[in-house]
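Q: what shape does this take:
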Amino acid sequence: MVVVTLQREKCIGCNYCVELAPLQFQMSKKDGKSVLLHSKEKKGFHTLKSHDNTIFDACSEAQKACPVKIITTKML
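A: Here you go, the predicted structure:
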């Protein structure tokens, strides 16, 4: 299982996550911040739990590229 977490409020809208993992992230037209697709929000953290391990590499690259370090990716 892959667990991806986004602290959306701290997003600066650089779009790197969308470029590197477009199936998991998109930019909001409303406020220009990243959205973690199919995630659940709790206390400012948006979390996606997926049994599709193929998303790990793309999400890890998005995590590394994020200039404000608000994305975490773990393999459980």
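Q: could I get the average pLDDT for the lengthiest helix in the chain?
A: Longest helix of the chain, by residue count under DSSP state H: helix 56-65. Taken as a whole, helix 56-65 carries a mean pLDDT of 98.
Q: can you list contacts of the helix or strand following that helix?
A: Using DSSP states H and E, the helix or strand that follows helix 56-65 in sequence is strand 71-75. When contacts are defined by CB atoms under 8 Å, 6 or more residues apart in numbering, strand 71-75 is touched by residues 1-6, 17, 53, 56, 59-60, 62-63. (C-beta placed from N, C-alpha, C; glycine too.)
Q: with respect to Gln26, which of those is nearest?
A: Cys17 (9.0 Å; CB to CB).
Q: can you give me phi and psi for that closest one?
A: The main-chain torsion angles of Cys17 are listed as degrees, to the nearest 10 and equal phi -60, psi -40.
Q: pull the number of nearby residues for it.
A: Neighbours of Cys17 under the rule other CB atoms under 10 Å: 27.
Q: confidence score at it?
A: Cys17 carries a pLDDT score of 98 in this model.
Q: also the one 5 residues further on?
A: According to the model's per-residue confidence, Pro22 sits at a pLDDT of 98.
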